[in-house]
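Engineer: sequence first, then the predicted structure, then my questions.
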Amino acid sequence: MANRIWNIDGNESVGSDGAVVKWDDERYFTIAFGGSTFHGEILDEQTESNFIKVKINHRVFEVRKKGALDDLIAELGLDTPKIKKLKELEAPMPGRIVNVAVAIGDEINVGDEILSLEAMKMENVLKAEGVGIVKTINVQNEDVVEKGAILISFE
């Protein structure tokens, strides 16, 4: 039998024989494998895109079966997400700078904390929505800024 390639939580895995699945109903199932029993539940099923989200013994897994179309998409380079290059970070609202979490020359990646801005007695952590290198920092802690003010510039 040909190997089956699956993507489980973002990691490729080759399927193996030997597991026995017993369905209790359309949503709940039991897996017997290697002398152990695992209880499962289907949380989300998207058959058009070969995707399911399952919970097995209280752990949640996202599972996607890899197919021929996936190989073609990868060959064309269409499977890599586009990453935005940062130019400037503008204040999304008026407020007070609580903490600048970067320094000039720091390399920033998507999701990295850049700074905290307090507005209406709530602290808002501004995170990177792209990649870049910090070129200039135009603010410091306790500065009050207006909406649209350029806080940080990137190379």
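Structural biologist: That came through, no problem.
Engineer: CA atoms for contacts and neighbours, from now on please.
Structural biologist: Will do.
Engineer: any regions of the chain where pLDDT drops low?
Structural biologist: Within the chain, the ranges that satisfy pLDDT under 70 run 1-17.
Engineer: and if we set it to 90?
Structural biologist: In the prediction, the chain carries residues with pLDDT under 90 at positions 1-23, 26, 31-37, 45-52, 58, 61-84.
Engineer: show me it divided up by domain.
Structural biologist: Following automatic domain parsing, one gets these domains for the chain: 5-75, 88-154.
Engineer: save these as JSON lines, and put in mean neighbour count too.
Structural biologist: Listed next are the domains of the chain as JSON lines, based on neighbours: other C-alpha atoms under 10 Å:
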{"stretch": "domain 5-75", "mean neighbour count": "13"}
{"stretch": "domain 88-154", "mean neighbour count": "17"}
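Engineer: for the ones you listed, give me TSV that also has distance to P81.
Structural biologist: Shown next, in TSV, are the domains of the chain (distance: least, C-alpha to C-alpha, whole Å):
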stretch	distance to P81
domain 5-75	11
domain 88-154	11
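Engineer: which SSE is immediately downstream of the host helix or strand of V21?
Structural biologist: Assigning secondary structure by DSSP states H and E places V21 in strand 20-23. Next helix or strand after strand 20-23 toward the C-terminus (DSSP H and E): strand 28-33.
Engineer: report the inter-axis angle for whichever helix or strand comes after that next one versus strand 28-33.
Structural biologist: Using DSSP H and E, the helix or strand that follows strand 28-33 in sequence is strand 36-46. Here the directions of strand 36-46 and strand 28-33 differ by 130 degrees (axes from the mean of the first three to the mean of the last three C-alpha atoms, to 10 degrees).
Engineer: which elements pack onto strand 36-46?
Structural biologist: strand 28-33, strand 51-56 (3 or more C-alpha pairs under 8 Å, 6 or more residues apart in numbering; DSSP states H and E).
Engineer: can you list the strands that the first one pairs with?
Structural biologist: In the sheet, strand 28-33 lines up against strand 20-23 (antiparallel), strand 36-46 (antiparallel) (DSSP bridges).
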